[in-house]
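In: Could you look at this predicted model? Sequence included:
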Amino acid sequence: MPLFLCRWPNGDCSVVWARSKDDAIVELDQIGNADGCPLAQMRTFQLHCALTDQGGLHVEGFGEGTEEEIFSRAYPLLDKALHDARGDDTAGGDGNLPPDRHAVIAQAVEQERRRIEPEGTLTPEPQTQIGRHLQQQTDLPAVLVDRLVRQVATTKLKRFKGRTKPS
């Protein structure tokens, strides 16, 4: 199963394992409506977590190549600013930066937070009118609304008993 990177309009990103982009959008609904958000399939991903004394997990960091892929796909403006500030090909993290570069990095972060519009022009609509009405009430992604409508319709049709048999 592929791994998808979702870039949210506020600058955050999420990674989800799903069979398809549609399935990824459905899974991402736990966080928010990902309709219109850029989704990219990741080639590499590694995350290291440490077990805490309280029985939880603490994210220690990403594996080699993972952070670079996230930055190049989800944060190209920040990626360039970080490369320029460091003078090498290391992106992301909170490594040491020259003091005069902090403002440039902060500006790139603000640009990234505004770069993706919350209501993308390619935001899909549900296929049915009842689906569009449901989406207006719930803000569910179109693919999930269509699945729910299809599931309810299928169940109702299976239970339907007509008065006469069609000829």
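Out: Yep, that arrived. Numbering: from 1, shown residues only.
In: Quick one: list the elements packing against the longest helix belonging to the chain.
Out: Longest helix in the chain, counting residues (DSSP state H): helix 142-159. Helix 142-159 is packed against helix 21-28, helix 129-138, with contacts defined by 3 or more Cβ pairs under 8 Å, 6 or more residues apart in numbering; DSSP states H and E. In this view, the C-beta of every residue, glycine as well, is placed from N, C-alpha and C.
In: ok, and for the first one, which residues are buried?
Out: The neighbour-count check on helix 21-28 (16 or more other Cβ atoms under 10 Å) flags Lys21, Asp22, Asp23, Ala24, Ile25, Val26, Glu27, Leu28 as buried.
In: neighbouring strands for the helix or strand following that helix, and are they parallel or not?
Out: The helix or strand immediately downstream of helix 21-28 is strand 39-42, counting by DSSP states H and E. Sheet pairing for strand 39-42, assigned by DSSP bridges, gives strand 3-7 (antiparallel).
In: Centre of the chain to the partner strand, how far?
Out: Its chain's average C-alpha position is 5 Å from that of strand 3-7, according to Cα atoms, centre = their mean, to the nearest Å.
In: Name the strands paired with the helix or strand just after that strand and say parallel or antiparallel.
Out: Toward the C-terminus, strand 3-7 is succeeded by strand 13-17 as the next helix or strand (DSSP H and E). Counting by DSSP bridges, the strands paired with strand 13-17 are strand 3-7 (antiparallel).
In: Now the partner strand: buried residues?
Out: Phe4, Leu5, Cys6, Arg7.
In: State the distance from the closest residue to Arg101 other than its chain neighbours to Cys13.
Out: Residue nearest to Arg101 in three dimensions, not counting chain neighbours: Ala85, with 3.8 Å by Cβ to Cβ, 6 or more residues apart in numbering. Using Cβ to Cβ, to the nearest Å, we find Ala85 at a distance of 21 Å from Cys13.
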